[in-house]
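**Student:** Sequence plus the predicted model coming up.
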Amino acid sequence: MTFSAASALSGKVTVPGDKSISHRSLMLSALAVGESRVEGLLEGEDVLATAAAMRAMGADIVRDADGIWHIHGVGVGGLLQPDIALDMGNSGTSTRLLMGLLASQDLTVTFVGDASLSKRPMARVTEPLAQMGASFTTSPGNRLPLTMRGACPAVPLDYRLPVASAQVKSAILLAGLNTPGITRIVEPVPTRDHSERMLKGFGADLSVETQADGTRIITLVGEAELQPQQIVVPGDPSSAAFPMVAALLVPGSQVRIDNVGLNATRAGLIDLLREMGGDIAIVNAREVGGEPVGDLIVTASSLHGVEPDPARAPSMIDEYPIAFIAAALAQGRSVFRGLEELRVKESDRIAAMAAGLRAIGVSVEELDDGIIIEGSGGAPLTGGGPIATKLDHRIAMSFAVAGLVSTGGVTIDDMRPVATSFPTFTALLTTIGAMV
């Protein structure tokens, strides 16, 4: 598919529900006793893989004609032995969080995934879960296919996160739900806190202490009893990033993006784009279901290069690919470091972005932990392709946006992976005036 230079973008749009919150709402609802209702659930392939897994273990999950999801849970510790392997598709979040959820249950479960997911290492999750008593048989390199046997009762864990990872933190917390005693996590660098917020909302006995240096100590009392909830999922800020950057880069544009989640642990890209000179206004700020939400009005702007503090990486780790596109159109040099995590995402996102940027005329230098980008000063990119997306949805969407500010258009080799997180992506871009 080829995305071509656009005249000014305009209009009002909404993006699909937050992927992180959608995954967690299904899992925790399946562990509550009674019926939970979820509105605005992201209906991408990743979240549907989570729904299928929970159904396979006894939860009753139904979507009605109005788009409301009804989940009848089985209680903490009440999941059943699945008859088949759990197919996670492309979803690393589903895999790692479900491994945690099942680590403290007397079940033996096999996880499988697609070619991309099967290349992603799982050791950072299996190691702490093994300390809680779970056992694992993995493919070479601690990869999928993987079979785990849960421990019941599991052993409560006191764990200091060696890397900033919301998935590792969440997996341990989910394992702690059915573990007697207290599970304690020390988080030196704050990461997205949807698990903590939602666990408290469902009635878990969880507390967070923030120390003077920013370290967070998260304490969860096990053998929890979760209560069903009504959840409204806000728009995913990681998905909003794409129309947001497109509106900043295409001259004369102004786009409104409604109902975007503005959790401080996820708002790093907005802060970065504003520092680059981006005109992004937040209006109608409010709180929905314990999460901050607002509407964004984004106006085309002249951007300049930046060198963000590597410590900010966790607050926008999924948004770096599209941030690289913004940097490619900025005035001057941008230096991004501290991004080792991008090497083990759906693809090696540093290598994939560097190769793609070079292919459309951008001067880049790839670093072990990041990238240096020489911006065009607003001059259109040369275009080209096909860009090798490596089955990575965020690589595909980032270069689609690049095509809107190119002279010859940018061709993407495969847009199918976009369905994992943003099924309406192409339709949304055409709605605001993009050429596809």
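**Tutor:** That came through fine.
**Student:** rest of the way, CA atoms for contacts and neighbours
**Tutor:** Fine.
**Student:** Tell me who's in contact with the residue nearest to Val221 when sequence neighbours are not counted.
**Tutor:** Among residues not flanking Val221 along the chain, Ile182 sits closest, at 4.7 Å (CA to CA, 6 or more residues apart in numbering). Going by CA atoms under 8 Å, 6 or more residues apart in numbering, Ile182 touches Pro156, Leu157, Gly176, Thr219, Leu220, Val221, Gly222.
**Student:** doesn't Ser94 make contact with Ala171?
**Tutor:** No: assessed by CA atoms under 8 Å, Ala171 is found out of contact with Ser94, at 10.1 Å.
**Student:** For the helix or strand containing Arg184, give the mean pLDDT please.
**Tutor:** Of the helices and strands defined by DSSP states H and E, Arg184 is found in strand 182-187. Strand 182-187 shows a mean pLDDT of 98.
**Student:** Which strands border that strand, and is each parallel or antiparallel?
**Tutor:** Applying DSSP bridges, strand 182-187 is found paired with strand 158-160 (parallel), strand 216-221 (antiparallel).
**Student:** Just after the longest one, pick out the following helix or strand.
**Tutor:** Beyond strand 216-221 in the direction of the C-terminus, DSSP H and E gives the next helix or strand as strand 230-232.
**Student:** how distant is that following strand from the center of its chain?
**Tutor:** 19 Å (CA atoms, centre = their mean, to the nearest Å).
**Student:** burial of Arg343, as a residue count?
**Tutor:** 17 (other CA atoms under 10 Å).
**Student:** So it: helix, strand or coil?
**Tutor:** Following DSSP: H, G, I helix; E, B strand; the rest coil, Arg343 is assigned to helix.
**Student:** The stretch 251-400 of the chain: strands as residue ranges?
**Tutor:** Ranges of strands within the stretch 251-400 of the chain are 254-261, 279-288, 291-299, 333-336, 363-367, 370-374, 384-387, based on DSSP state E, counting those that start in this stretch.
**Student:** what's the most buried one of those?
**Tutor:** strand 254-261 (a mean of 24; mean count of other CA atoms under 10 Å).
**Student:** Check which helices and strands that one is in contact with.
**Tutor:** Where contact means 3 or more CA pairs under 8 Å, 6 or more residues apart in numbering; DSSP states H and E, strand 254-261 is packed against strand 10-14, helix 237-249, strand 291-299.
**Student:** go with 10 Å
**Tutor:** strand 10-14, helix 237-249, strand 279-288, strand 291-299 (3 or more CA pairs under 10 Å, 6 or more residues apart in numbering; DSSP states H and E).
**Student:** Which of these sits closest to Asp318?
**Tutor:** Closest of the helices and strands packed on strand 254-261 to Asp318 is helix 237-249, at 6.6 Å (criterion: CA to CA).
**Student:** quick one, that closest one and strand 279-288 angle?
**Tutor:** 160 degrees (axes from the mean of the first three to the mean of the last three CA atoms, to 10 degrees).
**Student:** how big is the angle separating helix 237-249 from strand 254-261?
**Tutor:** Using the same axes, to 10 degrees: helix 237-249 against strand 254-261 is 160 degrees.
**Student:** Which positions within helix 237-249 qualify as buried?
**Tutor:** Neighbour counts using 16 or more other CA atoms under 10 Å place 237-249 of helix 237-249 among the buried residues.
**Student:** and what of stretch 396-407?
**Tutor:** Here stretch 396-407 shows Ala396, Met397, Ser398, Phe399, Ala400, Val401, Ala402, Gly403, Leu404, Val405, Ser406, Thr407 as buried, counting by 16+ other CA under 10 Å.
**Student:** tell me which of the residues you listed is nearest to Ala267?
**Tutor:** Ser398 (18.0 Å).
**Student:** show me the residues around that closest one that make contact.
**Tutor:** By CA atoms under 10 Å, 6 or more residues apart in numbering, Ser398 lies in contact with 241-242, 245-246, 319-326, 353, 356, 389, 412.
**Student:** export the buried residues of helix 237-249 to a markdown table and tack on distance to Asp213 and pLDDT?
**Tutor:** Compiled in a markdown table, the buried residues of helix 237-249 are given as follows (distance: CA to CA, whole Å; pLDDT from 0 to 100):
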| residue | distance to Asp213 | pLDDT |
| --- | --- | --- |
| Pro237 | 27 | 96 |
| Ser238 | 27 | 96 |
| Ser239 | 31 | 97 |
| Ala240 | 31 | 98 |
| Ala241 | 30 | 98 |
| Phe242 | 33 | 98 |
| Pro243 | 35 | 98 |
| Met244 | 32 | 98 |
| Val245 | 33 | 98 |
| Ala246 | 36 | 98 |
| Ala247 | 37 | 98 |
| Leu248 | 35 | 98 |
| Leu249 | 37 | 98 |
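**Student:** Could you dump these into a markdown table and include distance to Lys200?
**Tutor:** Output for the buried residues of helix 237-249, formatted as a markdown table (distance: CA to CA, whole Å):
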| residue | distance to Lys200 |
| --- | --- |
| Pro237 | 22 |
| Ser238 | 24 |
| Ser239 | 26 |
| Ala240 | 27 |
| Ala241 | 28 |
| Phe242 | 31 |
| Pro243 | 32 |
| Met244 | 32 |
| Val245 | 34 |
| Ala246 | 36 |
| Ala247 | 37 |
| Leu248 | 37 |
| Leu249 | 40 |
